[in-house]
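K.L.:
Sequence plus the predicted model coming up.
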Amino acid sequence: MKTLEILTPEDKQGIDLPRLLEDEQGAQGKKKLYIESYGCQMNFSDSEIVASIMREKGFATTSSPDDADLVLLNTCAIRDNAEQKVRNRLSTLVSLKRRKPDTTIGVLGCMAERLKAKLLEEEKIVDMVVGPDAYRDLPRLLDEVETGQKAVNVFLSKEETYADIAPVRLNTNGVTAFISIMRGCDNMCSFCVVPFTRGRERSRDAHSIVKEAADLFSQGYREVTLLGQNVDSYKWTSEDGTEHVNFANLLEKVALVHPDLRVRFSTSHPKDITDEVLYTMKKYDNVCNYIHLPAQSGNSRVLKIMNRTYDREWYMNRVDAIRRILGEDCGISQDMIAGFCTETEEEHRDTLTLMEYVKYDFGYMFAYSERPGTPAAKKFVDDIPEEVKKRRLNEIIALQQQHSMERNQMALGKVHRVLVEGTSKRSTEHLQGRNDQNKVVVFPKHHFEKGQYVNVLVTDCTTATLLGEPVLSEN
Ligand code: SAH
Ligand code: SF4
Ligand code: F3S
């Protein structure tokens, strides 16, 4: 997720790479937890739930696996190379386990759910395999490991949303945070492993979401991203049946927390995104003008066998609605899959012409990777040769680069309201943040600090970044 989808262009390079933790303050005498997260933003958010559950059990987080009593890898199964990365990482942990045999090693997340107890046989150093809905059971599983056994819980729940658990914010910049609003997915896109690893779709209590957003704002956070595999199908009814909240309603409730709290969301599904959501975005200035709208393909036959349940025309119609209601400058990004089963050259070119039609601001593009057990793996032959997939993928990436540049050039000469997230990665004399459309903006520091909104006149750009000067008189 990170599909998620919630990646900035810079982040994208690290899509399946782990993020490391910072040492927790005041942790002397406590047991230590080291946790590494792979994959989509949902996984990164889940790691914050796990840290919260383990804190109750007396664990503080550490940035070093060597110092840890418990090493957890929160894994992704979306493509074969995501799993390969975890296996490589496990092999690097063999020497640690040899030096410190008492270290418990656990695999969490989607790969744990996909492989279940088989993972214990395949990776001897693993003590514990825990699926995404079983994190409340971690303390008990750990006790089981301490008695010398291996422990597994991959039970998928229809209800678990961890709504009552306050996440421990890991690696936070103190400005932007993610809030899970739902779990699982009921869509069954034929290529996708997520319905199998994350189970049925369920929506979290709307009040707990609004409260989490309000708490974050009072702690100084200025942006929240509402997370789900398909946020547009968010649907929650109160226990007494009197309150019904859909995604547009939820967006409005979170927008009303404070006008200075920016609201983003991801991922939108083209079949479900409604005009009501678009009008809610238009109504509130603090709901960002940016939509991640994965297409996967621009060809209707391919979309049909992918079981995306929309066709090229439907998708274009949704894009037209976005442009009509939110304007030409609304940011739109895509996910595309190159070389899905039976895709012809002509069908691949339909993906390129769809891209020409939309002119996406950015995109996350992948070669098709067959996942065992998915409908596509059962029904179709993965028949596009690797080199053809790669060539098609490169064509998609090259076109996206061109469009990203064109879209960024549209930002030149205009003033953008930027929420500062911290010091620029390239220079300590510069700050970086994002504008309304989710584009990264870099500008000279002056007296500004992270967490502030700064009006920046954009004067230059690359395919990934806007560069500019703060408009000093207005601040
Ligand atoms: N829920 C989101 C996406 C979740 S997975 C949605 O519906 O759009 C993130 C992205 O990974 C997908 O959008 C898709 O582009 C890609 N992906 C998923 N399964 C894949 C596979 N088997 N091979 C290659 N890419 C895949
Ligand atoms: Fe996978 Fe489709 Fe669900 Fe996205 S909507 S998580 S691609 S099954
Ligand atoms: Fe996310 Fe990967 Fe699972 S993309 S939902 S962590 S398979």
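P.N.:
Done, it's in. Please read these numbers as outputs of a predicted model, since none were measured by experiment. Numbers count the residues shown, from 1 in each chain. Ligands and ions are numbered 1, 2, ... in the order given.
K.L.:
use CA for all of it now, contacts and neighbours both
P.N.:
Fine.
K.L.:
Could I get the average pLDDT for stretch 319-335?
P.N.:
Average pLDDT, stretch 319-335: 98.
K.L.:
do that stretch and ligand 1 meet?
P.N.:
Yes. Using Cα under 6 Å from any ligand atom, stretch 319-335 reaches ligand 1 at Asp335.
K.L.:
quick one: contacts of that stretch?
P.N.:
Around stretch 319-335, the neighbours that count as contacts under Cα atoms under 8 Å, 6 or more residues apart in numbering are 5, 275, 278-279, 281-282, 289-296, 358, 360-366, 437-438.
K.L.:
Also stretch 359-374?
P.N.:
By Cα under 8 Å, 6+ apart, the residues outside stretch 359-374 that reach it are 5, 9, 12, 78-80, 190-193, 331-340, 376-377, 382, 389-390, 393, 396-397, 400-401, 403-404, 407-408.
K.L.:
lowest-confidence helix or strand of the protein?
P.N.:
Averaged element by element with mean pLDDT, DSSP states H and E, the chain has its least confident helix or strand at helix 9-12 (a mean of 36).
K.L.:
State the next helix or strand along the chain beyond that helix.
P.N.:
Note on helix 9-12: by DSSP states H and E, the next helix or strand toward the C-terminus is strand 31-37.
K.L.:
Measure how far that next one is from the centre of its chain, please.
P.N.:
Strand 31-37 has its C-alpha centroid displaced from the chain centroid by 20 Å (Cα atoms, centre = their mean, to the nearest Å).
K.L.:
List the contacts of the helix or strand following it.
P.N.:
Next in sequence after strand 31-37, counting helices and strands by DSSP H and E, comes helix 41-56. By Cα under 8 Å, 6+ apart, the surrounding residues in contact with helix 41-56 are 1-6, 33, 35, 37-38, 60-61, 74-76, 109, 132, 135-136, 138-139, 162, 165-170, 178-180, 227-228.
K.L.:
quick one: which of those sit in helices?
P.N.:
Among the contacts of helix 41-56, the ones falling in helices (DSSP state H) are 109, 138-139.
K.L.:
Any chance of a PyMOL selection covering the buried ones in the residues you listed?
P.N.:
In PyMOL, a selection of the buried entries from the ones in helices among the contacts of helix 41-56 looks like this (16 or more other Cα atoms under 10 Å):
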select buried, resi 109+138
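K.L.:
Now flag whichever of the ones in helices among the contacts of helix 41-56 is closest to Pro259.
P.N.:
Among the ones in helices among the contacts of helix 41-56, Gly109 lies closest to Pro259 (Cα to Cα), at 35.0 Å.
K.L.:
how much space is there between the closest one and Ser190?
P.N.:
21 Å (Cα to Cα, to the nearest Å).
K.L.:
if we can go back for a sec, among the contacts of stretch 319-335, which ones are buried?
P.N.:
Buried among the contacts of stretch 319-335 by 16+ other Cα under 10 Å: 5, 278, 281-282, 289-296, 358, 360-366, 437-438.
K.L.:
can you tell me which of those are in helices?
P.N.:
Reading helices off the buried ones among the contacts of stretch 319-335 with DSSP H, I get 278, 281-282, 358.
K.L.:
So which elements touch the lengthiest helix in the chain?
P.N.:
Counting residues, the longest helix found in the chain (DSSP H) is helix 386-409. In terms of contacts (3 or more Cα pairs under 8 Å, 6 or more residues apart in numbering; DSSP states H and E), helix 386-409 is packed against strand 331-338, helix 345-358, strand 362-367, strand 453-461.
K.L.:
hmm, that helix touching ligand 1?
P.N.:
No. Helix 386-409 lies out of reach of ligand 1 by Cα under 6 Å from any ligand atom, never closer than 10.6 Å.
K.L.:
in the very next helix or strand once past that helix, what counts as buried?
P.N.:
Next helix or strand after helix 386-409 toward the C-terminus (DSSP H and E): strand 415-423. Under the neighbour-count criterion of 16+ other Cα under 10 Å, strand 415-423 has 415-423 buried.
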